[in-house]
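Visitor: okay, sequence plus prediction incoming.
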Amino acid sequence: MLGMLTLRKVANRSFIFPTIVLSLTLLLPSCHSNSEESTTTTNAPKQVANVNKTVYTAIRQNPSADTLFANAGALTAGDEICEVTMYRMSFDTIGGAGEATTSSGVFMLPHGDDPKCSGPRPVVLYAHGTDTNKDYDLSKLITPPTDPASPAAAPNPASSEALLLLAVYASNGYAVIAPNYAGYADSTLSYHPYLDKVQQSTEMIDALNHIRTHASTIGAELSSKLFVTGVSQGGYVAMATHKALQAQGENVTASLPISGPYATLDFLDKIMAGFVNGGATIFAPMYINALEKAHDIYTDPSEVYDTQYASIAEDILPRIGGFATAGLPAAALFSGTPPAGANPAGFNDDHLLSNDFRTAYLADAITNPTDPVMNIRKRVKEADLRNWAPQAPMLMCGAGNDPVVYHSNSDLMAAFLETNGGLISAGLVTNLDLTDTPPAGPFAVIQGAWQQAAVPLAAIHGQTGVFCSLAGKSFFDSLLVQ
């Protein structure tokens, strides 16, 4: 496959999740026209930029961006296959309780002289990873210029992930649809329905349908090839979306869930047992808040949070400025002594969750391991994705040394799919672990590059999204010719 051949040429280079800080006014000029403001196109996605050779060259002055584009196939700055018109979309969706709300996001449309850039374009529907900054907006590819009134303004938190979508998919001919999620950017929802299987899959489908509705208005030709992917939180959302689309009778060509907590009950049970993952004090309040909004899981926040945080933890994330401004513990969920082999940073006198809540949760996990009685564990089990079987190819990808979303979770999902349909042995589902040695199979080059890169522990989870997306591109490419 072309993608794998390209990667082989640059396999000795490091894959780096890029952080790009460039001037928006210099690189991505506004392309609004009066016609876009007419009443017939009020709700259509609005063009915000055109990424051409000049823009590609400027972006790739950053070494990490240059490496990313090189590994995605463009070996020289400016030789990317397609130019890309970027649109910002705003659309109607629902919240966690089924309430009407709005979301926004980005649509990337390839164009150019190469046959891969014109005609009906295959679609990549993408779900992004967890972010705590309410300003997260994938339509702002490059960090905006510094506001003179606020020279210390933080760079756009979505720029790295948006650039990944541009480099790997859009510049290579895929039309990309990626929502920001309800509760982010200018969404009218006051919270984010984090890892809410129903809400998040519905929102993804709403974004897809929004682009399909307005495709002719903005001159977008979309083919019947539909790929669904996402990273971390987005890995879970991607799998839930594949499941929901399949249930609706939609023809999904393939999906690529990356490092997601699919076996949700097992994932939460492990954490509550003391095996605290990286980022736990970020994920816990976001997930608990989403459960509360959708299912009314407590009467007072003090039922789940330690006394010193009970008054602030509810609705605290996402927020302007992100986790750094939240005043929550950096890593400690619990007090006491961690179990053998667990992360000691997850335990401290200054901790986030109530001891009584943890005790009650563990009592239910011990007494009712697979059939919860405790309301919260019931809701967690409802979120678990070990209750379906894909009818289209699915590549699960992750890393066995991931300290944030343990790859054992993907293994449990794979075991379920093998037991219920033999989908692994049949080749319909692949469970790719980048750390497997020796590298073997169609993604051996990616595995080898990962192992050669020796990614630092703190960067493993984020870098997995880059490596797995590059593997996913070759996976998707192989299905375009079928």
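Guide: Happy to help now that I have it.

Visitor: every contact and neighbour count from this point should use C-alpha atoms.
Guide: Will do.

Visitor: which SS class is Val84?
Guide: Following DSSP: H, G, I helix; E, B strand; the rest coil, the label given to Val84 is strand.

Visitor: what does Asp206 give?
Guide: Applying three-state DSSP: Asp206 is helix.

Visitor: correct me, but it touches Thr93?
Guide: Yes: under the criterion of C-alpha atoms under 8 Å, Asp206 makes contact with Thr93 at 6.3 Å.

Visitor: with neighbour numbers in mind, choose between those two.
Guide: Legend: neighbour count by other C-alpha atoms under 10 Å for Asp206 and Thr93, higher for Thr93 (24 against 18).

Visitor: doesn't that one lie inside a strand?
Guide: Yes: counting by three-state DSSP, Thr93 is found in a strand.

Visitor: all strands of this protein, in order?
Guide: 46-51, 83-94, 100-111, 121-127, 175-179, 222-231, 254-258, 394-398, 429-433 (DSSP state E).

Visitor: buried deepest among those, which one?
Guide: strand 254-258 (a mean of 30; mean count of other C-alpha atoms under 10 Å).

Visitor: for the strands of the chain, which one sits closest to Glu418?
Guide: Judged by C-alpha to C-alpha, the one of the strands of the chain that comes nearest to Glu418 is strand 429-433, at 8.7 Å.

Visitor: okay, the angle between that closest one and strand 254-258?
Guide: Comparing the axes of strand 429-433 and strand 254-258 via axes from the mean of the first three to the mean of the last three C-alpha atoms, to 10 degrees yields an angle of 30 degrees.

Visitor: tell me the mean pLDDT for strand 429-433?
Guide: What strand 429-433 shows for mean pLDDT is 98.

Visitor: same thing with stretch 211-219?
Guide: Across stretch 211-219, the average pLDDT comes to 97.

Visitor: pull the CA atoms of it into PDB?
Guide: C-alpha atoms of stretch 211-219 as PDB (Å, rounded to 0.1, in the frame of the first residue of the first chain):
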ATOM      1  CA  ILE A 211     -22.500  18.500   5.900                       C
ATOM      2  CA  ARG A 212     -24.600  16.200   3.700                       C
ATOM      3  CA  THR A 213     -27.500  18.600   3.800                       C
ATOM      4  CA  HIS A 214     -25.400  21.600   2.700                       C
ATOM      5  CA  ALA A 215     -22.900  19.700   0.500                       C
ATOM      6  CA  SER A 216     -24.300  21.100  -2.800                       C
ATOM      7  CA  THR A 217     -24.400  24.600  -1.400                       C
ATOM      8  CA  ILE A 218     -20.700  24.600  -0.700                       C
ATOM      9  CA  GLY A 219     -19.700  22.500  -3.700                       C
END
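
Visitor: can you list the buried residues in it?
Guide: The neighbour-count check on stretch 211-219 (16 or more other C-alpha atoms under 10 Å) flags Ile211, Ile218 as buried.

Visitor: stretch 65-82 now?
Guide: Neighbour-count burial for stretch 65-82 flags 65-75, 77-82 (criterion: 16+ other C-alpha under 10 Å).

Visitor: could you list the domains of the chain?
Guide: 2-262+388-480, 264-383 (automatic domain parsing).

Visitor: so which of these is the most packed in?
Guide: Mean neighbour counts for the domains of the chain (mean count of other C-alpha under 10 Å) peak at domain 2-262+388-480, with a mean of 20.

Visitor: off-centre distance for that one?
Guide: When C-alpha coordinates are averaged (C-alpha atoms, centre = their mean, to the nearest Å), domain 2-262+388-480 and its chain have centres 7 Å apart.

Visitor: format the strands of the chain as a markdown table; extra columns: distance to Asn156.
Guide: Output for those, formatted as a markdown table (distance: least, C-alpha to C-alpha, whole Å):
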| stretch | distance to Asn156 |
| --- | --- |
| strand 46-51 | 15 |
| strand 83-94 | 15 |
| strand 100-111 | 14 |
| strand 121-127 | 18 |
| strand 175-179 | 16 |
| strand 222-231 | 19 |
| strand 254-258 | 23 |
| strand 394-398 | 26 |
| strand 429-433 | 31 |
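
Visitor: what's the longest helix in the chain?
Guide: When the chain is parsed with DSSP state H, its longest helix is helix 460-480.

Visitor: got the CA positions of that helix in CSV?
Guide: Coordinates of each C-alpha in helix 460-480 appear next as CSV, following Å, rounded to 0.1, in the frame of the first residue of the first chain:
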residue,chain,number,x,y,z
ILE,A,460,2.6,8.0,25.0
HIS,A,461,-1.1,8.5,25.0
GLY,A,462,-1.0,11.6,22.7
GLN,A,463,1.6,10.1,20.4
THR,A,464,-0.4,6.9,20.0
GLY,A,465,-3.0,9.1,18.2
VAL,A,466,-0.4,10.1,15.6
PHE,A,467,1.1,6.7,14.9
CYS,A,468,-2.3,5.0,14.9
SER,A,469,-3.7,7.6,12.6
LEU,A,470,-0.9,7.0,10.1
ALA,A,471,-1.6,3.3,10.3
GLY,A,472,-5.3,4.1,9.9
LYS,A,473,-4.6,6.1,6.7
SER,A,474,-3.0,3.0,5.0
PHE,A,475,-6.0,0.9,6.3
PHE,A,476,-8.5,3.3,4.9
ASP,A,477,-6.6,3.7,1.6
SER,A,478,-6.7,-0.1,1.1
LEU,A,479,-10.5,0.0,1.3
LEU,A,480,-10.9,2.8,-1.2
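
Visitor: how much space separates the nearest residue to Gly96 once chain neighbours are set aside from His192?
Guide: Distances taken as C-alpha to C-alpha, 6 or more residues apart in numbering place Ala294 nearest to Gly96, at 4.9 Å, with adjacent residues excluded. Going from Ala294 to His192 by C-alpha to C-alpha, to the nearest Å gives 11 Å.

Visitor: likewise for Asn52?
Guide: Relative to His192, and taking C-alpha to C-alpha, Asn52 is found at 34 Å.

Visitor: what does Thr76 give?
Guide: Plainly put, Thr76 is 40 Å away from His192 if you go by C-alpha to C-alpha.
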